[in-house]
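A.B. asks: Starting from these lines, generate the structure:
(chains A, B, C and D)
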Protein chains: 2
Amino acid sequence: MAGCASPFAAQVKSAGFALSPSGDEEEEALSRLRSAGDRMTTPRRLLVRCLFEASGHRTAEELAAEIQTYAPDVSISTVYRNLEELERLGVVVHLHLGHGPATYHLATEAHGHLVCRKCEIQVEIADGFFADLRRRAIADFGFAIDPRHFAVIGLCATCQADAEDLGDSTAG
Amino acid sequence: MAGCASPFAAQVKSAGFALSPSGDEEEEALSRLRSAGDRMTTPRRLLVRCLFEASGHRTAEELAAEIQTYAPDVSISTVYRNLEELERLGVVVHLHLGHGPATYHLATEAHGHLVCRKCEIQVEIADGFFADLRRRAIADFGFAIDPRHFAVIGLCATCQADAEDLGDSTAG
DNA sequence: CTATTTGCAAAATGTTTGCAATCCG
DNA sequence: CGGATTGCAAACATTTTGCAAATAG
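C.D. replies: Sure, this is the predicted structure:
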């Protein structure tokens, strides 16, 4: 639930809210907000900072918790609203890893996932895994798939073995 | 929202609740319930009947509405509880077609789906579409995928064309 | 008879919205 | 200053749960 906390906590505390962006990509994200006519607010800046500070997928709630380390009053609805805006601008995307809440990450980090329906372990997979599916979807239906938006559910090797131990009549 | 309504409404009205099962598969589903020690109640019978009467995916709410045509007091929580039990017994499976509610259908009718993220049109796809993905998931990770549990999101041909008309910078 | 199942209402979960107060530019 | 943005609380949508009353076997 923490994650990007310590590294830039110090910066915030020592310099008010002069959060120094760490890279070009982060600067570009801020530019995109400005170009879209969006104002540069504290919750907005902190959210962008959190997204770039630690990569990986985090839920809106997790992001809110990180942000609240620095600005305790930032509400989850503001986080949702800003994630929506960043998604509209192409900076972030959201991903459904299973039955729980959506997770958010930088659009540049998008990739596919396998998730075990039993133990919920996640495996990141390369886009090449979907090459055949993509080709067929276009060829047969003109469909341009985005196989990274929903994870592909399944059973990992360990849980398959467990299921066999019990007899697999309930394997569905 | 209706669907399996008229055909067996007549049967129900003319013969109390002597809903005559229409096929072997339906009989087998009822047997499975009995074998599992489950009691044969009216909501249970009606749900099974509805599931077999019309194929296709329906949400719990839609199924409840159909059932309530005959037994108005059946509550949605009973429908959820019985769907859960039928899923445990391998009779039905649930499927997520996008951001809305889950849909339920007979396990024997499971297949993959493409869903357009914009117009939400759905395309049913053959299991062969996933052959390559399945093979790679097993080979590289020992993962047995179930690509029919979550639809694959994308953009249909029409919506791709629309996006190009507008310039596709917001295509994410 | 009694354990299972039900209906209802309430809780839980995840996300969105209405609105007055606040803040950016 | 004036409109964009926020925080809060309440609404929303879907699914789950607690519990007393009903019912199958």
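A.B. asks: Just give me the neighbour total for A:Gly56.
C.D. replies: 11 (other Cβ atoms under 10 Å in any protein chain shown). (Glycine included, C-beta is placed from N, CA and C.)
A.B. asks: And the one 3 residues further on, by the same measure?
C.D. replies: Other residues within reach of A:Thr59, judged by other Cβ under 10 Å, total 17.
A.B. asks: what's the next secondary structure element after the least confident helix or strand in chain A by mean pLDDT?
C.D. replies: Lowest on mean pLDDT, DSSP states H and E among the helices and strands of chain A sits helix A:5-14, with a mean of 35. Next helix or strand after helix A:5-14 toward the C-terminus (DSSP states H and E): helix A:24-35.
A.B. asks: near DNA strand D at all, that next one?
C.D. replies: No - if you take Cβ under 7 Å from any atom of the strand as the test, helix A:24-35 misses DNA strand D, and the best it gets is 7.5 Å.
A.B. asks: is the next helix or strand after that helix up against chain B anywhere?
C.D. replies: Per DSSP H and E, the first helix or strand lying C-terminal to helix A:24-35 is helix A:42-53. No - applying Cβ under 8 Å from any Cβ of the partner chain, one finds helix A:42-53 separated from chain B by no less than 15.0 Å.
A.B. asks: pLDDT on helix A:42-53, on average?
C.D. replies: In this model, helix A:42-53 carries a mean pLDDT of 97.
A.B. asks: what ranges do the strands span in chain A?
C.D. replies: Assigned by DSSP state E, the strands in chain A fall at A:58-59, A:92-95, A:103-106, A:112-116, A:122-125, A:144-145, A:152-155.
A.B. asks: Rebuild these as JSON lines, extending it with mean pLDDT and distance to B:Ala126.
C.D. replies: Shown next, in JSON lines, are the strands of chain A (pLDDT from 0 to 100; distance: least, Cβ to Cβ, whole Å):
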{"stretch": "strand A:58-59", "mean pLDDT": "98", "distance to B:Ala126": "34"}
{"stretch": "strand A:92-95", "mean pLDDT": "97", "distance to B:Ala126": "26"}
{"stretch": "strand A:103-106", "mean pLDDT": "98", "distance to B:Ala126": "30"}
{"stretch": "strand A:112-116", "mean pLDDT": "97", "distance to B:Ala126": "21"}
{"stretch": "strand A:122-125", "mean pLDDT": "96", "distance to B:Ala126": "22"}
{"stretch": "strand A:144-145", "mean pLDDT": "97", "distance to B:Ala126": "15"}
{"stretch": "strand A:152-155", "mean pLDDT": "97", "distance to B:Ala126": "17"}
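A.B. asks: okay if I get those as CSV plus distance to chain B?
C.D. replies: Putting the strands of chain A into CSV (distance: least, Cβ to the nearest Cβ, whole Å) gives the following:
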stretch, distance to chain B
strand A:58-59, 15
strand A:92-95, 6
strand A:103-106, 12
strand A:112-116, 5
strand A:122-125, 5
strand A:144-145, 4
strand A:152-155, 4
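A.B. asks: now those strands in CSV, with distance to B:Val93?
C.D. replies: Listed next are these as CSV, based on distance: least, Cβ to Cβ, whole Å:
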stretch, distance to B:Val93
strand A:58-59, 26
strand A:92-95, 23
strand A:103-106, 24
strand A:112-116, 17
strand A:122-125, 22
strand A:144-145, 22
strand A:152-155, 11
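A.B. asks: A:Ala102 and A:Leu63, how far apart?
C.D. replies: 11 Å (Cβ to Cβ, to the nearest Å).
A.B. asks: just to revisit the earlier point, need the strands of chain A in CSV (columns: distance to DNA strand D).
C.D. replies: Converted to CSV, the strands of chain A look like this (distance: least, Cβ to the nearest atom of the strand, whole Å):
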stretch, distance to DNA strand D
strand A:58-59, 16
strand A:92-95, 15
strand A:103-106, 16
strand A:112-116, 17
strand A:122-125, 21
strand A:144-145, 23
strand A:152-155, 15
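A.B. asks: I figured A:Ile67 was touching A:Thr42, is that so?
C.D. replies: No - using Cβ atoms under 8 Å, A:Ile67 is not in contact with A:Thr42, being 9.2 Å away.
A.B. asks: Show me whatever sits in contact with both of the two.
C.D. replies: A:Val74 (Cβ atoms under 8 Å, 6 or more residues apart in numbering or on different chains).
A.B. asks: the more surrounded of these two?
C.D. replies: More neighbours surround A:Ile67 than the other of A:Ile67 and A:Thr42, with 25 against 15 (other Cβ under 10 Å).
A.B. asks: show me what contacts that one?
C.D. replies: A:43, A:46-47, A:50, A:74, A:79.
A.B. asks: can you list the residues of chain A near DNA strand C?
C.D. replies: A:34, A:39-42, A:59-61, A:76-77, A:80-81, A:84, A:100-102.
A.B. asks: and those, which are buried?
C.D. replies: A:59-60, A:80, A:102 (16 or more other Cβ atoms under 10 Å in any protein chain shown).
A.B. asks: Including distance to A:Asp140, could those go into a markdown table?
C.D. replies: Output for those, formatted as a markdown table (distance: Cβ to Cβ, whole Å):
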| residue | distance to A:Asp140 |
| --- | --- |
| A:Thr59 | 35 |
| A:Ala60 | 36 |
| A:Tyr80 | 37 |
| A:Ala102 | 29 |
